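Peer 1: show me the folded form of this:
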Amino acid sequence: MEPNDKFCGPLTWITVFTLMFVSMAVGGCGGKDKAQKQQVAPEVTVVMVAPRKIDLTTELPGRTAAFRVAEIRPQVNGIIRERLFREGSDVAAGQVLYQIDPATFQAAFENAKAALGRAEANLPAIRSRSDRYKELLDSRAVSKQDYDDVVAALKQAESDVEFHKAAVETARINLGYTQVVAPISGRIGRSNVSDGALVTAHQPMELATIQQMDPIYVDVPQSTSELLELRARVQAGSLHRGASQRSVKILLENGAEHAREGTLQFQDVTVDSTTGSVILRIVVPNPQGILLPGMFVRAVIPEGVNRQAILIPQQSVMRDPKGNPFTLAVDGDGKVVQKPLSLERAIGNRWLVSKGLEAGDNVIVEGVQKVRPGVPVRTIPLGVETEL
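Peer 2: I've put the predicted structure just below:
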């Protein structure tokens, strides 16, 4: 060994230990940085979407209308002797509402009966003469002309009897019309005439109006665009309709729900040219008279059943600068992906998604502010969206 070699051994080991220490330090720092990077990955709360069966409804404004309306008008001329009802009360069909002075109609009735009696009194004698002339005609005791004359007289007498019977019936009907009765049961409004007023047959102004309010109609306009969209979804199979879809809930002006559900009766076939809508008529039981004609209500009309509906929380839906909706989800590699959506409507605090999501997708509902597409995240499951 050369003289300088005695110093090479210790220096070499020192150098080796130094390099090992630096290498371990560097390796430790790299592990620490890796751990820090793992801790930096943001946590997000996700919900797994799954198709489910839901009943779809639409809420439309409408107005109530009386089930039946009868405008009371006199059918004979005369003076109102007495009004026989209380304004605003319920009346029954056949109840007398007004009494018109019947004196002249009673006299006409008696006169018609007397004329009928006179015609009927002459008829037997003429009929007997006709029978006798017929017997004598066979023996040529009377002429054919005399027989024809008596037969004509008999037919005239019989016609007179029928004429006077009709006159009696007419007089009886007019006498009955002096009592103005309610044609339907319902609630009567205010009276437009008082005792002593002169009325004429079939006058333009009604004496009063009766409205039947149990049941009651609710007329709801629906736009033709909504109607066409609904039919398209039914034909495409995304919406299923059945007999149970005719039951309708009614919401009052104060937001309360009417105690009885209505039944969808029919859909009008004519489109209103000014509004572009058709009328849906609903029949609603109204035993307590809560619904009044002309009242504003809202009808919750069932559209059908969506058997493969996907709902996501509203807070998970965002919009791009153009206003297009999208959501952030976590793919199988644990990275954030952006999914454009087609939204159909809001149901409660959720959106009904028609396109953009599939069963099993993990949608981020909390922590969207901390992530962007392509960033790995750690997920905390919230659950599966199966119930409304």
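
Peer 1: first-to-last residue distance for stretch 202-209?
Peer 2: This stretch, stretch 202-209, spans 14 Å end to end (C-alpha to C-alpha, to the nearest Å).

Peer 1: now the strands: where do they sit in the stretch 51-200 of the chain?
Peer 2: 52-72, 78-83, 90-91, 96-100, 179-181, 186-188, 198-199 (DSSP state E, counting those that start in this stretch).

Peer 1: of those, give the one that comes closest to residue 339.
Peer 2: Evaluated with C-beta to C-beta, the strands of the stretch 51-200 of the chain place strand 52-72 nearest to residue 339, the distance being 19.2 Å. Placement of C-beta: from N, CA and C, glycine included.

Peer 1: gap between residue 90 and residue 253?
Peer 2: When C-beta to C-beta, to the nearest Å is the yardstick, residue 90 and residue 253 sit 24 Å from each other.

Peer 1: just residue 100 next, same as before
Peer 2: 41 Å.

Peer 1: which one's more surrounded, those two?
Peer 2: When residue 100 and residue 253 are compared for neighbours, residue 100 comes out ahead with 23 against 9, by other C-beta atoms under 10 Å.

Peer 1: contacting residues for residue 189?
Peer 2: 87, 88, 208, 209, 210, 211 (C-beta atoms under 8 Å, 6 or more residues apart in numbering).

Peer 1: tally of neighbours for the nearest residue to residue 144 once chain neighbours are set aside?
Peer 2: If you skip the residues right next to it in sequence, residue 144 has residue 137 as its closest partner in space, 6.8 Å away by C-beta to C-beta, 6 or more residues apart in numbering. Residue neighbour count, defined by other C-beta under 10 Å, stands at 16 for residue 137.

Peer 1: ok, residue 137 to residue 124 distance?
Peer 2: Taking C-beta to C-beta, one finds residue 137 at 20 Å from residue 124.

Peer 1: quick check, residue 289 in a helix?
Peer 2: No. Residue 289 is assigned coil when assessed by DSSP: H, G, I helix; E, B strand; the rest coil, not a helix.

Peer 1: hang on, isn't it packed against residue 214?
Peer 2: Yes. Counting by C-beta atoms under 8 Å, residue 214 is a contact partner of residue 289 at 6.9 Å.

Peer 1: between the two, which one's more packed in?
Peer 2: In terms of neighbours (other C-beta under 10 Å), residue 214 is the more surrounded of residue 289 and residue 214; the figures are 18 against 11.

Peer 1: so which helix or strand takes in the more buried one?
Peer 2: Secondary structure here is read from DSSP states H and E; on that basis residue 214 sits in strand 208-223.

Peer 1: do a quick rundown of the helices in the protein.
Peer 2: Using DSSP state H, the helices assigned to the chain run over residues 5-40, 103-138, 144-176, 224-236.

Peer 1: how about the ones you listed in CSV, adding distance to residue 321 and mean pLDDT?
Peer 2: Below are the helices of the chain laid out as CSV (distance: least, C-beta to C-beta, whole Å; pLDDT from 0 to 100):
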stretch, distance to residue 321, mean pLDDT
helix 5-40, 29, 49
helix 103-138, 84, 89
helix 144-176, 79, 91
helix 224-236, 27, 79
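
Peer 1: what's the closest of those to residue 331?
Peer 2: Residue 331 lies closest to helix 5-40 among these, at 18.9 Å (C-beta to C-beta).

Peer 1: and this structure, what are its domains?
Peer 2: Using automatic domain parsing, the domains assigned to the chain come out as 43-54+308-385, 57-66+213-306, 74-101+178-205, 103-176.

Peer 1: so which of the contacts of residue 189 is the most crowded?
Peer 2: When the contacts of residue 189 are compared by neighbour count (other C-beta under 10 Å), residue 210 ends up highest, at 25 neighbours.

Peer 1: contacts only, for residue 372.
Peer 2: Residues residue 336 are the ones in contact with residue 372 under the rule C-beta under 8 Å, 6+ apart.

Peer 1: pLDDT wise, what is it at?
Peer 2: The confidence metric pLDDT takes the value 88 at residue 372.

Peer 1: how much space separates it from residue 84?
Peer 2: According to C-beta to C-beta, residue 372 and residue 84 sit 82 Å apart.

Peer 1: with residue 281 instead?
Peer 2: Distance check for residue 281 against residue 84: by C-beta to C-beta, it reads 34 Å.

Peer 1: which residue, other than its chain neighbours, is closest to residue 269?
Peer 2: Across the structure, with C-beta to C-beta, 6+ apart as the measure, the residue nearest residue 269 apart from its sequence neighbours is residue 278 (7.6 Å).

Peer 1: count of residues packed around that neighbour?
Peer 2: Every residue meeting other C-beta under 10 Å relative to residue 278 is counted, giving 18.

Peer 1: bridging residues for it?
Peer 2: Under the criterion DSSP bridges, residue 278 forms beta bridges with residue 222.

Peer 1: so where's the stretch 201-350 of the chain shaky on pLDDT?
Peer 2: Within the stretch 201-350 of the chain, the stretches falling below the threshold (pLDDT under 70) are 238, 241-245.

Peer 1: one more pass at 90, please.
Peer 2: Within the stretch 201-350 of the chain, the set of residues satisfying pLDDT under 90 comprises 222-247, 255, 264-276, 280, 289, 301-310, 332-334, 342, 344-350.

Peer 1: mind listing the strands for it?
Peer 2: Listed in chain order, the strands of the stretch 201-350 of the chain (DSSP E, counting those that start in this stretch) span residues 208-223, 247-251, 262-267, 277-284, 296-313, 318-319, 325-330, 336-340, 342-347, 350-355.

Peer 1: in CSV: these, plus distance to residue 43.
Peer 2: Shown next, in CSV, are those (distance: least, C-beta to C-beta, whole Å):
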stretch, distance to residue 43
strand 208-223, 46
strand 247-251, 42
strand 262-267, 49
strand 277-284, 50
strand 296-313, 18
strand 318-319, 19
strand 325-330, 11
strand 336-340, 12
strand 342-347, 27
strand 350-355, 23
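
Peer 1: mind checking which of the ones you listed is nearest residue 47?
Peer 2: With distances scored as C-beta to C-beta, the stretch of these nearest to residue 47 is strand 296-313 (6.9 Å).
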